[in-house]
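Asks: Dropping a prediction and its sequence here:
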Amino acid sequence: MSLDFNIIATNGAGGRRGRIHLPHRTVETPVFVPVGTAGTVKAVAQDVLETLGAEIILSNTYHLYLRPGHEAIRRMGGLHRFISWQRALLTDSGGFQVFSLSGLRKVTDEGVRFRSHLDGSSHSFTPDHSIDVQIALGADIAMAFDECTEYPADRSRAQESLRLTIAWARRSLDHFRAHREEVVWREELGGRTQSLFGIVQGGMYRDLRRESAERLVEMDFDGYAIGGLSVGEPRELTLEMISEVLPLLPADKPRYVMGVGYPDEIEEYARMGVDMMDCVLPTRAARHGLLFTSEGRLNIKGKRYAEDQGPPDPACGCMVCRRYSRAYLRHLMQAGEALSGMLNTIHNLAYYLGIMERVRKSLHPEG
RNA sequence: GCACAGGUGGCCGAGCGGUUAAUGGCAGCAGACUGUAAAUCUGCCGCUCCUUGCGAGCUACGGAGGUUCGAAUCCUCCCCUGUGCA
C-alpha cells in the first residue's frame, strides 16, 4: 500500500495544494513541519501544538535511539503514544547527525560509527539499523539514511557523498520493504503502514543533484526530500538546487525540502512546488529571543522594547500577540523565565504555520 | 576596648613590586541562529578624543602620607566591614 497523496490545486508556477493521507492524519500541504528532535517541540506542549494547527511534527532517530531508546518506545506502543501526539509524525533518519556531529563520528560504506554526545559511548548506525529504529518508533513517515554533505564540498567530495547516499537509500528501502509490516500500530489502523522518503544530495552541483534525483526516483520511494541545503551556502544556491531538482521528482508524490528556512524562503519554496519543509529556526530563534513578525525580525531582548506595550506583531492574531506586550516578553527573556521560551515559540510557530496557511489559501481558497 | 580577617571597576571575586585599564563570573548592551550536542554562541563592557590603532590623554584598586626607577601589591597613620574575646 503506497502513500496516498492528492493534489487539489496548482498555481502554474509548479506550486500545488494537496493532502497527504497519512495513517494518523491527513495533512494539508504545503505544510510546515515543526522540529521536535527529542520527542518534544522544545518549549511547547502537544496540546498547544494542536491549538496552533500543527498537523505533523518531526522527531529524530538518533536522539531517541540514545534516549530513551527505541525498544523502550516500541514497548510503550510507539512514539505517537509515548509522546501523546495522535497527529502525524515524521522521523529524520540520523543522517543530519552524520553532518552535525562531525567531530564524533566516522563514516564508512557500511554506515556511521558515532560517539554518543551524551556519554561518549560508541554506537554504529547503518541504513538497516536506522530503518529498524524508525520502524520501532513508528512515525508516519520515515526517512532514508543519508549523508548530509557539508558545505563547501568540492566536486569529488560531493560525488563520493552522493554515491554513499544512493547506496544507503537502496539499502534503506529494501530493509524498509521487508519490515514495514512490523510497525506497532498497523493492526489498529486497518493495516496501514509507514511511508519512506528518499533524500536527494549532491552538494551544490546541478548535475549531481540531477543524478541523485533520477537514481532515487528509479527506486520508487513514497516521497522525495531534498537534503543538504541551508548548510551555510548562499541563498541563491539553495534556490538553484531546489529549482533544479523539483521538476525531476514525480508530480504525484510529496516533495520535501529539509531544514529550511526563513519566513520568506518557505513561502517562496512553497509557491514553487515544495510540499513540506521543516526547520528548527522558528523554535530555536524563539528561545533565543528572536521573533518573526509581519514587520520583520524582532529581537525581543532589545532595550528599546523595555516599555513597549504593543503586541509583538500588530498583524498577528496568535494567542501571544492577543494577550501580551513586547515589554512583558522582553522582561521574561531578561529574567530568564521559562515562560519566555514558551510564548516566543508559540508566536513563531503561529507565524510559520500562518504563512503556509496563507499559501494554501492562495492556491485554493476552499478549506 | 583588644585580637584576627578584610576593604579591587554596577555586583561577586582574582591579582600580592614591573608585558595591569587590571584574570574570571554575574548583571548590562548589541548581534548571530536554517533535517537542534543550542533556554546556546559571539562581540562590547572606566571616561574623553581622534588619523579607529594591539592609538593618545585622563581617572582608577577605602583615605592621607611614605619607601622605590616603578605600588592595587611594601611601610605608617586614619576611616570602615566581618568574626571572636571582653
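Replies: Nice, I can see it.
Asks: Find the least confident helix or strand in chain A, judged by mean pLDDT.
Replies: Ranked by mean pLDDT, DSSP states H and E, the weakest helix or strand in chain A is helix A:95-100, scoring a mean of 90.
Asks: is any part of the helix or strand following that one close to RNA strand B?
Replies: Sequence-wise, the next helix or strand downstream of helix A:95-100 (DSSP states H and E) is strand A:105-107. No. Strand A:105-107 lies out of reach of RNA strand B by Cβ under 7 Å from any atom of the strand, never closer than 9.6 Å. For the C-beta atoms, the positions are set from N, CA and C on the backbone; glycine is no exception.
Asks: So for strand A:105-107, mean pLDDT?
Replies: Mean pLDDT, computed over strand A:105-107, is 93.
Asks: Show me the shaky parts of chain A.
Replies: A:1, A:367 (pLDDT under 70).
Asks: hmm, 90 instead?
Replies: Low-confidence segments of chain A (pLDDT under 90): A:1-2, A:98-99, A:102-103, A:365-367.
Asks: which residue is nearest the middle of it?
Replies: residue A:278 (3.2 Å; Cα atoms, centre = their mean).
Asks: That one touches residue A:35, doesn't it?
Replies: Yes. Using Cβ atoms under 8 Å, residue A:278 is in contact with residue A:35, at 5.5 Å.
Asks: residue boundaries of the strands in the stretch 1-150 of chain A?
Replies: A:4-10, A:16-22, A:25-29, A:31-34, A:56-60, A:88-92, A:105-107, A:112-115, A:122-125, A:141-143 (DSSP state E, counting those that start in this stretch).
Asks: what are the ranges of the helices in the stretch 51-200 of chain A?
Replies: Secondary structure of the stretch 51-200 of chain A (DSSP state H, counting those that start in this stretch): helices at A:61-66, A:70-75, A:79-83, A:95-100, A:127-137, A:155-179.
Asks: so who does the nearest residue to residue A:301 once chain neighbours are set aside touch?
Replies: Distances taken as Cβ to Cβ, 6 or more residues apart in numbering place residue A:289 nearest to residue A:301, at 4.3 Å, with adjacent residues excluded. For residue A:289, the contact set (Cβ atoms under 8 Å, 6 or more residues apart in numbering) comprises A:299-301, A:333, A:340, A:344.
Asks: Just the buried ones among those residues, please.
Replies: Listed as buried from these are A:300, A:333, A:340, A:344; burial here means 16 or more other Cβ atoms under 10 Å.
Asks: near RNA strand B, which residues of the stretch 251-367 of chain A show up?
Replies: So the stretch 251-367 of chain A meets RNA strand B at A:258-262, A:265, A:278-281, A:283-285, A:287-290, A:297, A:299, A:301-304, A:306, A:334, A:336, A:338, A:341 (Cβ under 7 Å from any atom of the strand).
Asks: List the ones among those residues that fall in helices.
Replies: The helices, defined by DSSP state H, take in A:265, A:281, A:283-285, A:287, A:334, A:338, A:341 from these.
Asks: what distance separates stretch A:306-315 from the middle of the whole chain?
Replies: 30 Å (Cα atoms, centre = their mean, to the nearest Å).
Asks: Kindly check the end-to-end length of it for me.
Replies: 20 Å (Cα to Cα, to the nearest Å).
Asks: Name all residues that make contact with the residue lying farthest from the centre of chain A.
Replies: For chain A, the largest distance from the centre (Cα atoms, centre = their mean) belongs to residue A:307, which lies 36.6 Å off. Applying Cβ under 8 Å, 6+ apart, we find residue A:307 in contact with residue A:327.
Asks: Just give the nearest non-adjacent residue to residue A:105, would you?
Replies: Among residues not flanking residue A:105 along the chain, residue A:114 sits closest, at 4.8 Å (Cβ to Cβ, 6+ apart).
Asks: Repeat that for residue A:44.
Replies: residue A:345 (5.2 Å).
Asks: tell me the contacts of that neighbour?
Replies: Contact partners of residue A:345, counting by Cβ under 8 Å, 6+ apart, are A:41-44, A:282-283, A:286-287.
Asks: for residue A:302, same thing?
Replies: Counted by Cβ under 8 Å, 6+ apart, residue A:302 has contacts residue A:330.
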